[in-house]
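# The sequence and its predicted three-dimensional model are supplied below.
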Amino acid sequence: MPRPAARISVGDHSVTWIGANFWSRTGGPLMWRSYDGEVVAEELRVLRDHGLNMTRSFFYWPDFMPAPDRVDEELCARFADFLDRHHTLGMTTVPTFLVGHMSGENWDPSWRGGRDLYSDVWMVSRQAWFAKEMAGRFKGHPAVAGWLVSNEMPIYGRRDAPREEVAAWAQLVVDAVRASGAPQPVSLGDGAWGLENSGHDNGFRLRDCAALTDWLGPHVYRMEDDPVRQHYAAAWVCELTGSFQRPVVLEEFGLTSDFASGPHAARYYRQALHNSLLAGATGWIAWNNSDYDTLIDQPPYSHHAFEMHFGLTDSAGVPKPQLREIRRFAEVLERVDFARCVRPDTGTALVVSSYLDTIYPFTRAEDRSYVERTGRQSWIAARLADAPATVVRESDDISEGHRLYLLPSTKQLLSASWYRLEELARGGATVYVSYSPGAHDEQRGPWYAHLDRLFGVRHQLEYGLVNPIEDAEVTLTFTRAFGTLDEGDTLRFRTAGTDSSRVFLPVEADGAEVLATDAHGRPALLLRRTGAGGVVLCTYPLEHMASVTPRVNPEDTVLLYDALAAHAGVRRPVTVEDRRVAVDLLEHDSGRRYVWLVSQSAEELLVKPTVGTGLALTTLDGAPADAVALEPYGVQVLCLTVV
């Protein structure tokens, strides 16, 4: 079952955006005051020569709209020249209208007067007027590829704005753009930070945005305590965002050279680009094109010094390692003809509880962020097990058609969902659930509709109490063979969590088979067979413990998921035994298949992939690839052929 990645369409053609957010080094956000077309052309030429085909550009709102009913004609003329220079170089741009927030500072038009951006009718009308005016002026220019309403409006507006106000504001401004007659696609520029991705409600709902816009655009600058989680940070957000059936453009990502050395910056870019591609992104716009060392006295750089050094080039226009990494990425996309590729479904589904994206009565915000964090850890483990998972949101119903359903460290699902999972198991799927009572002590325990019957156990819980894990390490020793694991194999997990979450579920088997026991001989992994499939219960919150442990990945949940995938019959035509290497595929519409090997090792690796019967791996040039060398945190793309 393919997972086609939705793609941006401009006119009659789908496009793959590889670009940079653009402020000229001559002025940063104030570039339009000191606009130098020749410098801009030079900056664009460097980007184009490194494989970039577009930019995201910005109408700095205080300058472009000096009065409520007027735009600055001179700056519009400069922007027209900016567009011309893109067109001359064969590039396009996506202008952004409401640029009041930028790089650590908010700027208002002088006439705003403190009016609310979402609920003040006059203020909303002025924003809509500006968007319609600018779109109407430039809609016919061949360099305009799309439109963005704002730049990170949740930071510029209110962080806790009501959903209804935000949705109405977005509807009015997007409608204004379209009323201008502009044919290009449009999105919001909000960053995709809302409830469905983060568990935090800032008023921007992805479900609402998806209904209004032509693409969704995550902005990702996460800081982690684990290198592997860092490498998958942007990809995970893209995967979550893609569940709303809109093209996903990684609209902002990157790093400041003040926070990472050149080689480490290149590594981060390499991982973010390839992993987000494999997570469904079909466009990438780095932050940003240039450094700004000459602007030390200009806000925001005067007070956010690190913001000066996010560039793909330095302040003299010299390419930095991350720009060279983008060029290599663009070359790979061209080699595989990415525009005609889709992601094949492995048959693995990660079920994301609706308690992430729905505010139910008398529940806590911590429950929502808990779902996101444990889900991300599980998703990473599945990728390292060479069984990359599709996100299935409980809010959209739990769809059939998957071989393996993962429910990591789960406390809460809707009552009907537990019965749905049992139905899927009877139909032939394997449903895996690891226990968790949550991370706080309010209604602490499993919110499962029929725990004992579902898992074939008798739980031994005591009301109001938990069963603390007293060992520094949890061990699961297999009492029988299961999937890729043999009898006697032992998996080890570092214990972590709060007093409420660092616990296990005491059970006795009552119809289930005990697959593995803990260090004290208690059932730790059980399988209840039902119909053509089965339900697997882990009595320990493995994914939660890993999710709160620094520098833990890759860890032994990868080996457990590998065994689950084998047991469930998940489609894996290529695997690599080394759990530091993730394997994924893209399928070309001609039938060709391309295999990505992505290393999460700080050391160089030589791996020998295992391929299915009648298949072989070659390089993109056609040479046999029985053994593959991977540089530290490296990526190799191969062809999977039939022999």
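Arrived safely, thanks for sending. Numbers count the residues shown, from 1 in each chain.
# which other residues reach stretch 8-15?
Stretch 8-15 is contacted by residues 7, 16-17, 92, 145-146, 183-185, 214-215, 247, 249, 282-283, 339 when judged by Cβ atoms under 8 Å, 6 or more residues apart in numbering. Quick note: C-beta positions are derived from backbone N, CA and C, even for glycine.
# Most neighbours of all those, which one?
Of all those, the most densely surrounded is residue 249 (31 neighbours; neighbours counted as other Cβ atoms under 10 Å).
# lowest-confidence helix or strand of the protein?
When the helices and strands of the chain are compared on mean pLDDT, DSSP states H and E, strand 2-3 comes out lowest with a mean of 48.
# The next helix or strand after it: partners in the sheet, and parallel or antiparallel?
Sequence order places strand 8-10 as the next helix or strand after strand 2-3, per DSSP states H and E. The pairing partners recorded for strand 8-10 under DSSP bridges are strand 13-15 (antiparallel).
# From the chain's centre, how far out is the strand it pairs with? Work that out for me.
22 Å (Cα atoms, centre = their mean, to the nearest Å).
# likewise stretch 516-535?
Averaging C-alpha positions (Cα atoms, centre = their mean) puts stretch 516-535 32 Å from its chain's average.
# List the ones among the contacts of stretch 8-15 that fall in strands.
Taking DSSP state E as the definition of strands, these contribute 17, 92, 249, 283.
# what's the span of stretch 628-643, first residue to last?
In stretch 628-643, first residue to last residue: 19 Å (Cα to Cα, to the nearest Å).
# what separates that stretch from the chain centre, distance-wise?
That offset, for stretch 628-643, works out to 23 Å (Cα atoms, centre = their mean).
# same question, stretch 562-582
22 Å.
# Begin at 13, not 1, for the rest of this chat.
Okay, residue one is now 13; in that scheme the one you just asked about reads as stretch 574-594.
# tell me the phi and psi of residue 341?
Backbone geometry at residue 341, expressed as degrees, to the nearest 10, gives phi -60, psi -50.
# Relative to residue 369, how far out is it?
Separation of residue 341 from residue 369 (Cβ to Cβ, to the nearest Å): 31 Å.
# next one: residue 413
On the measure of Cβ to Cβ, residue 413 and residue 369 end up 22 Å apart.
# what does residue 655 give?
The value you get for residue 655 to residue 369, if Cβ to Cβ is used, is 45 Å.
# Now do the contacts for the residue positioned nearest the centre of the chain.
The residue lying closest to the centre of the chain (Cα atoms, centre = their mean) is residue 249, at 2.1 Å. Neighbour list for residue 249: 204, 209, 230, 232 [criterion: Cβ under 8 Å, 6+ apart].
# likewise residue 173?
Listed by Cβ under 8 Å, 6+ apart, the contact set of residue 173 reads 130, 166, 214-215.
# for residue 646, same thing?
Applying Cβ under 8 Å, 6+ apart to residue 646 gives the contacts 282, 611, 616.
# change it to 6 Å
Counting by Cβ atoms under 6 Å, 6 or more residues apart in numbering, residue 646 touches residue 611.
# before we move on, what about residue 391?
Residue 391 makes contact with 248, 362, 401, according to Cβ under 6 Å, 6+ apart.
# Out of those, which is nearest to residue 427?
residue 362 (20.7 Å; Cβ to Cβ).
# Quick check: which element contains the closest one?
Per DSSP H and E: residue 362 is located in strand 360-364.
# Kindly report the same for residue 465.
Applying DSSP H and E, one finds residue 465 within helix 463-467.
# quick one: buried residues of that helix?
Of the residues in helix 463-467, those buried by neighbour count under the rule 16 or more other Cβ atoms under 10 Å are 463, 466-467.
# The residues you listed into JSON lines, with extra columns for pLDDT and distance to residue 637?
Output for these, formatted as JSON lines (pLDDT from 0 to 100; distance: Cβ to Cβ, whole Å):
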{"residue": "463", "pLDDT": "97", "distance to residue 637": "47"}
{"residue": "466", "pLDDT": "97", "distance to residue 637": "44"}
{"residue": "467", "pLDDT": "98", "distance to residue 637": "43"}
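# Mind putting these into JSON lines with distance to residue 409?
Formatted as JSON lines, the buried residues of helix 463-467 follow (distance: Cβ to Cβ, whole Å):
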{"residue": "463", "distance to residue 409": "22"}
{"residue": "466", "distance to residue 409": "18"}
{"residue": "467", "distance to residue 409": "22"}
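# Count the neighbours of residue 117 for me.
Neighbour tally, residue 117, other Cβ under 10 Å: 15.
# Could I get the full set of strands for the stretch 263-412 of the chain?
Applying DSSP state E, counting those that start in this stretch to the stretch 263-412 of the chain gives strands spanning 264-265, 295-298, 353-356, 360-364, 401-405.
# Relative to residue 435, which of these is closest?
strand 360-364 (13.6 Å).
# And that closest one, what's buried?
Buried residues in strand 360-364, counting neighbours by 16+ other Cβ under 10 Å, are found at 360-364.
# And stretch 98-109, by the same measure?
Using 16+ other Cβ under 10 Å as the test for burial, stretch 98-109 gives 98, 101, 103-109.
# Which pair of those spans the longest distance?
Distance extremes for the buried residues of stretch 98-109: the farthest pair is 101 and 109 at 23.8 Å, using Cβ to Cβ.
# next helix or strand past the helix holding residue 465?
strand 469-471.
# Give the pairing partners of that next one; include direction for each.
Applying DSSP bridges to the sheet, strand 469-471 is found paired with strand 519-521 (antiparallel).
# What ranges does the stretch 113-262 of the chain have for its strands?
Counting by DSSP E, counting those that start in this stretch, the stretch 113-262 of the chain has strands at residues 113-114, 117-118, 159-162, 198-199, 231-232, 261-262.
# should've said the stretch 513-655 of the chain
Under DSSP E, counting those that start in this stretch, the stretch 513-655 of the chain gives strands at 515-516, 519-521, 525-529, 535-542, 545-550, 586-587, 593-600, 605-611, 617-619, 622-623, 627-630, 640-642, 647-654.
# Which of the ones you listed sits closest to residue 191?
With Cβ to Cβ as the criterion, residue 191 lies closest to strand 593-600 of the strands of the stretch 513-655 of the chain, at 38.5 Å.
# mind checking the longest helix of this protein?
Secondary structure of the chain per DSSP state H: the longest helix is helix 377-396.
# Return the set of buried residues in it.
For helix 377-396, the buried set under the neighbour-count rule, 16+ other Cβ under 10 Å, comprises 379-380, 382-396.
# Fine, thanks again, bye for now.
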